[in-house]
Structure formats: structure tokens, C-alpha cells
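Chemist: how does the following fold in three dimensions:
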Amino acid sequence: MIRRRRGAAILAALAAAALLSLLFACVVGSVALSAGELLEALRDIAGGAPSTLAATLLELRLTRALSAFAIGGMLSLAGVMMQALLRNPLADPYVLGVSGGASVGALAAMLLLAAPWIVDAAAFGGAVSVALMLFLLAHRDLRGGIAEGNTSLLLLTGVIIAAGCGALITLMLSIAPETRLRGMVFWLIGDLSGTQLRALPWIVLAGALVFALRAARAMNIVALHAEAAATLGVRVGALRQGLFVCAALLTATAVSNGGSIGFVGLIVPHACRFALGPDHRLLLPTATLVGGTFLVLADTLARSAAAPHQLPVGVITAMIGVPLFLVQLHHIRRK
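Modeler: Model (predicted):
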């Protein structure tokens, strides 16, 4: 009972922090909004189409902040799933090459001067194609036991596919015209300047989180008793396939909407695990909330630090993520 109350209190505090981060993103920028302007803008938006500068800024910033929260939550949740699937704390959403497939699809569409929605669709299609290829190649490993050898083969297959995607990306960048090269590089780094609020990321995030919470107890058993998980009633093959499908779908959706934003799916699960423990029943929702909040704050910094110029948010997450991850590794080594 005490543990449940502690978990509920932590989740409530993180939800409040997430709301504050969204509010912070709405008022901060090259043109700051005061509390009075914020309330007036909210009334203007609620009454219909925004007619003032404050309402227009609020609508643009809130749309971007909500998209950033969904993408950050998806990357963090996918990171927890990948680390549980591969039994490797250094795994992140991009380790199996799904991000590489999305990059190949998006850059190919950019080379052909496709419309923005076609670029997003091509990125999602490329990511899903790589995930299906990996699933077919490593189906036996996903269906089998949780042995270390199976995990290593799955990881190796993903690394090889990622290397092939990396070669295609390098080829397209080398032949791209100068007029399109900047946009392609920004997409690869991770950029939310052109993102739009869509229902699909939220649907994918909610569905994957529901699956993960229902499988949290089984994930705990596999983490503690990997070799004996099947004898303890865990359907290991079904669990691994579900984790792979959900993590791949989360990664594909996140990358197709915001580009390859690094370190969110790596440092956030580590930080939550370090602060709250390894229990997936608490780790999964907290990582989702912290990941979303972290990316909202990072994107706010990216668009306001050098205003009116905007920085790729992937640069900000890397500059924050590298020292944080080194500090976490130092604490783990001391323990």
C-alpha cells in the first residue's frame, strides 16, 4: 500500500511537471507572453480562430510543444522496451536500425522534392519496412527463449541493417543539391520546426503504454529470472515479439514526425531507473512523462537560445545527454 501511494505521488508530481513544461513552452520565445496575454490568447482561441498576435503565437507554440511531448514520450518508452527486450542497459530506440530506414525514406522523398506530408509518410514507410525485414530475419530469435545468444543475434542483425541504411544515407547526401542539403541534414539531426499536431502519435503512444503496463509484471520476472521465466508462467516468446513490435512502431512514429532525435530514449530510462528503481510498473509511465517533459524543454531552448534563429533540437538533446549519461555511468561504476 505504501509503495502504491509513493508511485501515485511520483506520477502526480511528474504529470504536474509536464503541464508546467507545456505552459513554459507557450510563454517563452523570441516574443515572450505575459500571464495576462496568455489568458487573453486562451480566450481568443476558445472563441474561434486566433485574431491577435498573442493567440497566434500561443497556438503555434502549443502545437509544437504537444508534438514534442508525444515524440519524447514515445522515444523514452521505446528505450525502456528495447532495454528490456535486449537485456542491455545501453540499448536505445535506434539500435536495431529502424531510424535508419526512416532516414532513407525521408531523404529519398526530399531528393524528389516531395511535399512535407509525403516526406513524413516515406519516413514512416521506411521505418516500418526495416522493422518488418528485421522481424522476418530474426523471427526465430524473437519467438525463442530469452537466452543471451538469441539476444546477440537479434542485435547483430539490427546493426548490419543499420549499417546498410547508413551507406544509403551517405550516398544520398553526397549527391544532394546544395539547396536541399541543409534541410536534409536538419532532418537527420532532429528538428521540430515544421512538425504538426497529429492524432496518430498520441494513439500509438497510448496503445503502446497500455500494452507495456499490462506486460510490466512479466518484464520484471524476465529481468530478475531470465532463464526460469517460462517456468514461472511468462510467455517469453509472445512478450519479446510484443516488445519488438511496440518499440519499432513507437520509433517509426517518432522519427517520421521529428527526425532522428538522439539520447532521449537512452538517458531518460537510465535516469528514471537510477532514481526510482527497476520496477517496470513504475518505470514505464515515469519514463514516458519524463521523456516528454525533457523534449519539450529541450525544444523550447532550441528555438529561443539563438532567436530568431532556431537550432535543431537533436543538438540540444545531445549536448545535455552526453554529460548526463557520463555522470550516470560514473555513479553506476562507484556503486
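Chemist: so for the longest helix belonging to the chain, what gets flagged as buried?
Modeler: Assignment by DSSP state H gives helix 53-86 as the longest helix of the chain. Neighbour counts over helix 53-86 (16 or more other Cβ atoms under 10 Å) mark 54-55, 57-59, 61-62, 64-86 as buried. Using the backbone N, CA and C atoms, a C-beta is placed for each residue, glycine as well.
Chemist: any idea how far stretch 268-276 is from the chain center?
Modeler: Taking Cα atoms, centre = their mean, to the nearest Å, one finds stretch 268-276 lying 15 Å from the centre of the chain it belongs to.
Chemist: CA atoms only for it, dumped as PDB, please.
Modeler: The C-alpha trace of stretch 268-276 is given here as PDB (Å, rounded to 0.1, in the frame of the first residue of the first chain):
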ATOM      1  CA  VAL A 268      15.700   9.200 -19.700                       C
ATOM      2  CA  PRO A 269      15.200   5.400 -18.900                       C
ATOM      3  CA  HIS A 270      18.600   5.400 -17.200                       C
ATOM      4  CA  ALA A 271      17.800   8.400 -15.100                       C
ATOM      5  CA  CYS A 272      14.400   7.100 -14.100                       C
ATOM      6  CA  ARG A 273      15.800   3.700 -13.300                       C
ATOM      7  CA  PHE A 274      18.600   5.200 -11.300                       C
ATOM      8  CA  ALA A 275      16.200   7.500  -9.300                       C
ATOM      9  CA  LEU A 276      13.200   5.200  -8.800                       C
END
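Chemist: still on that earlier bit, rounded mean pLDDT for the longest helix of the chain, please.
Modeler: The pLDDT scores in helix 53-86 average 88.
Chemist: for that helix, packing partners?
Modeler: Helix 53-86 is packed against helix 2-27, helix 35-47, helix 148-175, helix 199-214, helix 216-224, helix 236-258, helix 264-276, helix 280-304, with contacts defined by 3 or more Cβ pairs under 8 Å, 6 or more residues apart in numbering; DSSP states H and E.
Chemist: can you flag the weakest of those by average pLDDT?
Modeler: Across the helices and strands packed on helix 53-86, the lowest-scoring stretch is helix 35-47, with a mean of 73.
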